[in-house]
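Asker: Return atomic coordinates for the entry below.
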Amino acid sequence: QVQLQESGPGLVKPSQTLSLTCTVSGGSITTNYYYWSWIRQPPGKGLEWIGYINYSGSHYYSPSLRSRTFISWDTSKNQVTLQLSSVTPEDTAVYYCGREDGSSWYYDYWGQGTQVTVSS
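Answerer: Next up is the predicted model:
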């Protein structure tokens, strides 16, 4: 059974860099053909896709967040990391990591989400 667990600070100051880690168990992040995505949900709003890193280490980001986003991985720890720079209060959200099956383009596993608040 694949499990995803997000972790990171719950409070970040404006202009700083938000850094979150998704630890994956029950399967390797390099297994074909999975895509490891970060998605967020601001309070009172819908889900917003941030970007992914895939089984081969390639990544792609939402155009609206691309200039501030970097997604990386540590294959030795089976972890995927999100960095979002120059945060503002508008980046306050619950952040989720999810696994997308590249053969069906269906999200089959999700983390429980982690609340991040941007405030001074």
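Asker: Quick check: closest non-adjacent residue to the spatially most central residue of the chain.
Answerer: In the chain, the residue lying closest to the centroid (Cα atoms, centre = their mean) is residue 38, at 2.6 Å. Nearest in space to residue 38, with sequence neighbours left out and distances taken as Cβ to Cβ, 6 or more residues apart in numbering, is residue 50 at 4.2 Å. Quick note: C-beta positions are derived from backbone N, CA and C, even for glycine.
Asker: where along the chain do the strands fall?
Answerer: 3-7, 11-12, 18-25, 34-41, 48-54, 59-61, 69-74, 79-84, 93-101, 106-110, 114-118 (DSSP state E).
Asker: Using TSV, lay out these together with mean pLDDT.
Answerer: Shown next, in TSV, are the strands of the chain (pLDDT from 0 to 100):
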stretch	mean pLDDT
strand 3-7	97
strand 11-12	98
strand 18-25	98
strand 34-41	98
strand 48-54	97
strand 59-61	96
strand 69-74	97
strand 79-84	98
strand 93-101	97
strand 106-110	95
strand 114-118	98
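Asker: sorry, back to before: mind listing what the residue nearest to the centre of the chain touches?
Answerer: The contact partners of residue 38, by Cβ atoms under 8 Å, 6 or more residues apart in numbering, come to 20, 22, 49-52, 71, 80, 82, 95-98.
Asker: Repeat that for residue 55.
Answerer: For residue 55, the contacting residues are 29, 30, 31, 32, 33, 34, 35, 102, by Cβ under 8 Å, 6+ apart.
Asker: close enough to count as contact, residue 11 and residue 119?
Answerer: Yes - shown here, residue 11 and residue 119 form a contact pair, counting by Cβ atoms under 8 Å, at 6.6 Å.
Asker: okay, now the nearest residue to residue 108 once chain neighbours are set aside: neighbour count?
Answerer: In space, residue 108 comes closest to residue 101 once its chain neighbours are excluded; the distance is 5.4 Å by Cβ to Cβ, 6+ apart. Residue 101 is surrounded by 13 other residues when neighbours are defined as other Cβ atoms under 10 Å.
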